[in-house]
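Participant: here are the coordinates; sequence isn't available:
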């Protein structure tokens, strides 16, 4: 009796639902983040083995120019740079979101007044918070992302070929005139983005394995972390 089997053991079904949600989210993010690369194929920066060297933004010790797959010789690396920066920024926001939820930081008010869903109703888990957002809310998020990508947003300018990778700041954002300070800030952003991509991926894997996103050593029983004070 299939209904009885599903009722007795719902975990595999729930896990498959979670995997499907992550896959769809990743597909949406990839399709969105590729938009600028498709806009100006004719004037892309040609890739060459010498386009990266020690001291360039993002080329840091101990790895330096690390290209085990030989992509520099065959791919448009400016496009990959832009994609890395965008994914890093999105991952930093995502990881801060996880930390905020676990710290009990909740926005006041209603998430969806028409459905009677408030921000305090959103679960503190990664997948739970992902699935709690109504469909119309995700449509708004996707619309905002598309506006950011195409330069039709008041919060960002489009990424063009005459600008440095990742430079989409509007007037009012801080610009660093000192070369050393600017290099430090850009390298810090690149490194934080890389760490955040690994961090948010780890949080999702932890939940798929059935443990807490930020405190996986609590075990499958989901024990709370020890008190700090």
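Facilitator: In hand now; what should we look at? Keep in mind the model is a prediction, meaning the values are calculated, not measured. Numbering: from 1, shown residues only.

Participant: now the element after the helix or strand residue 136 falls within, going C-ward?
Facilitator: Assessed by DSSP states H and E, residue 136 sits inside helix 135-150. As assigned by DSSP H and E, the chain's next helix or strand after helix 135-150 is helix 179-208.

Participant: for this structure, which spans come out with low pLDDT?
Facilitator: Scanning the chain for pLDDT under 70 picks out the ranges 1-51, 53, 219-229.

Participant: switch to 50 and redo it
Facilitator: Residue ranges of the chain with pLDDT under 50: 1-13, 15-16, 19, 21, 23-24, 26-50.

Participant: thinking again about what came up before, and the helix holding residue 136, what does it pack against?
Facilitator: On a contact count with 3 or more C-beta pairs under 8 Å, 6 or more residues apart in numbering; DSSP states H and E, helix 135-150 meets helix 11-33, helix 35-39, strand 110-112. (Each C-beta comes from the backbone N, C-alpha and C, glycine too.)

Participant: each with direction, which strands does the shortest one pair with?
Facilitator: To tie it back to what came earlier, the one meant is strand 110-112. strand 117-118 (antiparallel) (DSSP bridges).

Participant: so which residues make contact with the partner strand?
Facilitator: Outside strand 117-118, the residues within contact range by C-beta atoms under 8 Å, 6 or more residues apart in numbering are 109-111, 132, 134.

Participant: can you put those in CSV and add neighbour count and distance to residue 75?
Facilitator: What follows is the contacts of strand 117-118, written out as CSV (neighbours: other C-beta atoms under 10 Å; distance: C-beta to C-beta, whole Å):
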residue, neighbour count, distance to residue 75
109, 9, 45
110, 14, 46
111, 17, 41
132, 16, 38
134, 13, 39
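
Participant: what sits against residue 96?
Facilitator: Residue 96 touches nothing, counting by C-beta under 8 Å, 6+ apart.

Participant: noted, bye for now.
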